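**Student:** Just a sequence and a predicted model for now, questions to come.
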Amino acid sequence: MLVIKRAFPLLLCMLLCAAVLPLGAAAASGPPFISLSAETAAPGEEVSVSVELTENPGLMVMQFSISYDHSALELIGAAGVGITGWNANGDNILWLGDADSSFNGTILRLNFRVKESAPAGETPVTLLCGSGEMGNHNEEAFVPLITAGSVIITGSASSGSSTGSEMSGSGDSDPSLPESGGPSAPGGASTPKIPFTDVPLSSYYFTAVAWAYENEITDGRGIDTFDPAGTCNRGEAVTFLWRAAGRPEPTSSDNVFEDVRPEDYFFKPVLWAVEKGIIFGTDETHFSPKQTCSTAHIITMIYRALGIGPDGWYQEAGDWANGSGLLNGTGLLVDPAENCPRSAMVTFLYRWSQRS
């Protein structure tokens, strides 16, 4: 009887907690999945891409940036379905879920108009998560796994329209971006050959991906997939930058990072980048190679690699990148809360390497 009396307050507390805890929080077991639909439209037509949420662990708040080819599509609106509120600002979406629900299904419809000049082909559309803006009833943070959708543009573009990658607003070279002495552009007048089925010829990053593939700066994440919407981590980012710079040898083999080993593909790139002041460890003994990079991280690394400013984090580097046209056509901002997709990473490096 004494044991029961002592245990009763604990049992009562557990029952009360179970009674007031929202179902969504109790069900939290892993990341949610977000997928975007593939739709078809002709130049001049409007089209709606749906955003589906599954495996919802009771998310209450999510913040996204919409990534798409601005030269082919124009975002004209967004509509929320099955949620209590949403707010669209430019290419940014704030999703607010029901406080008592773990809703699954269509949460948004992104409405686009296909531009008259848009070439035929598949144009990827995806969402880039803002870090630290997703939480459930337990105040537990989740990063959704996102599968990109697309708008498949049928028919031909209007005469005089641009095809291939959008390199800059004017097409002129930028004197603030010196030649890297690294890999060359895809050669020949014909369309470059790449094995990736998820890199459309009409995308802004097609030429950049072909350049990166031909010069062995990066391969795909599958036999025939590049994963353009996938994010870059710190190990990948410094490796891409090191290869684009011509694979320079670090001057020293001294390594203070416990999570960077000689057998790692990013070993030399990390040593080189740290020596040059391009990037630093996340603390004195860790580099954190698997940590995701934001657009602010990537732009700052390129800025420091060029030696333009003494530090360059990230407002200074962002002003330079916006002024130089490095971000043209990507639909991205220099933002520490915006994950940098692989398509943009190789595009930034390609534009850096080809200008003089």
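**Tutor:** Good, I have the coordinates.

**Student:** what comes up buried for stretch 70-80?
**Tutor:** Using 16 or more other C-beta atoms under 10 Å as the test for burial, stretch 70-80 gives 70-73, 75, 78, 80. All C-beta spots, glycine's among them, are computed from the backbone N, C-alpha and C.

**Student:** Max pairwise distance over the residues you listed: which two?
**Tutor:** The span of the buried residues of stretch 70-80, defined through C-beta to C-beta, is set by 71 and 80 at 27.3 Å.

**Student:** taking the mean pLDDT, what do you get for the helix or strand hosting residue 62?
**Tutor:** For residue 62, the host element (DSSP states H and E) is strand 59-67. Computed over strand 59-67, the mean pLDDT rounds to 73.

**Student:** Just the CA coordinates for that strand, please, in PDB.
**Tutor:** Provided in PDB are the C-alpha atoms of strand 59-67 (Å, rounded to 0.1, in the frame of the first residue of the first chain):
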ATOM      1  CA  LEU A  59       4.100  20.900 -37.200                       C
ATOM      2  CA  MET A  60       2.800  24.400 -36.300                       C
ATOM      3  CA  VAL A  61       5.100  26.700 -38.200                       C
ATOM      4  CA  MET A  62       7.100  26.300 -41.400                       C
ATOM      5  CA  GLN A  63       8.900  29.000 -43.500                       C
ATOM      6  CA  PHE A  64      10.000  28.500 -47.100                       C
ATOM      7  CA  SER A  65      11.500  30.200 -50.000                       C
ATOM      8  CA  ILE A  66      10.100  29.100 -53.400                       C
ATOM      9  CA  SER A  67      12.900  28.200 -55.900                       C
END
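
**Student:** residues in contact with the next helix-or-strand element following that strand?
**Tutor:** Sequence-wise, the next helix or strand beyond strand 59-67 is strand 73-80, with elements assigned using DSSP H and E. Strand 73-80 is touched from outside by 46, 66, 68, 86, 88, 91, 93, 95, 107-115, 118, 123, 125, 151, with contacts defined as C-beta atoms under 8 Å, 6 or more residues apart in numbering.

**Student:** Could I have the buried ones of those residues as PyMOL selection syntax?
**Tutor:** Selection of the buried residues among these in PyMOL, burial being defined by 16+ other C-beta under 10 Å:
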select buried, resi 66+68+86+88+91+93+95+107+108+110+112+113+114+115+118+123+125+151
